[in-house]
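Novice: Here is the input, now give the coordinates:
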Amino acid sequence: MAINNPSSDHLREIFRMQEELNQRIGVNTSDLTDEEKAKWILNYTRAMNQEIAELIDSVPWKWWAKYQKFDEQNARVEVVDLFHFLISMAQVLGMTADDVFNAYVKKNAVNHERQQKGYAIKDEHDSKHI
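Specialist: I've put the predicted structure just below:
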């Protein structure tokens with residue numbers, strides 16, 4: 001479904017679409033026990049590792065091989081595949097699109113502050129408010 005209204009909330013729509021897809025394939029990410037959450041977090045991180053490997057294979061990383069070409073179209077597909085699993089993982093953790101957006105805004109501010117200060121010292125507590 002294409003969204004033509006530029007004022008639409010794309011992130012919320014992506015979350016809705018992912019929940020619909022997950023339910024279609026038999027995965028209900030709401031009301032999970034801690035054990036089930038751990039299982040699905042592992043499932044999704046493993047799937048993301050595979051997608052990252054596929055993304056790496058889209059880029060000519062073998063400096064010794066001359067036959068390779070950058071497959072930008074496939075790289076884009078792999079990035080979208082990563083989003084599918086990442087959004088599912090957020091949903092397992094009970095996060096909504098708004099939760100992800102708000103956490104992103106806060107973490108982005110932390111990252112800017114780290115860069116401003118030179119990020120010379122690791123502070124495990126600077127992200128506790130997110």
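Novice: Show the pLDDT at Ala2.
Specialist: Ala2 carries a pLDDT score of 50 in this model.
Novice: again, but for Ile56
Specialist: 96.
Novice: and what of the one 4 residues further on?
Specialist: If you check Pro60, the pLDDT there is 95.
Novice: Just give the nearest non-adjacent residue to the residue most central in space within the chain, would you?
Specialist: By C-alpha atoms, centre = their mean, the chain has its centre lying nearest to Leu86, at 3.3 Å. Spatially, and ignoring its direct neighbours in sequence, Leu86 is nearest to Met48 (6.8 Å; C-beta to C-beta, 6 or more residues apart in numbering). All C-beta spots, glycine's among them, are computed from the backbone N, C-alpha and C.
Novice: Return the distance of the residue nearest to the centre of the chain relative to Trp61.
Specialist: 23 Å (C-beta to C-beta, to the nearest Å).
Novice: Over to His125?
Specialist: 37 Å.
Novice: No further queries at this time; thank you.
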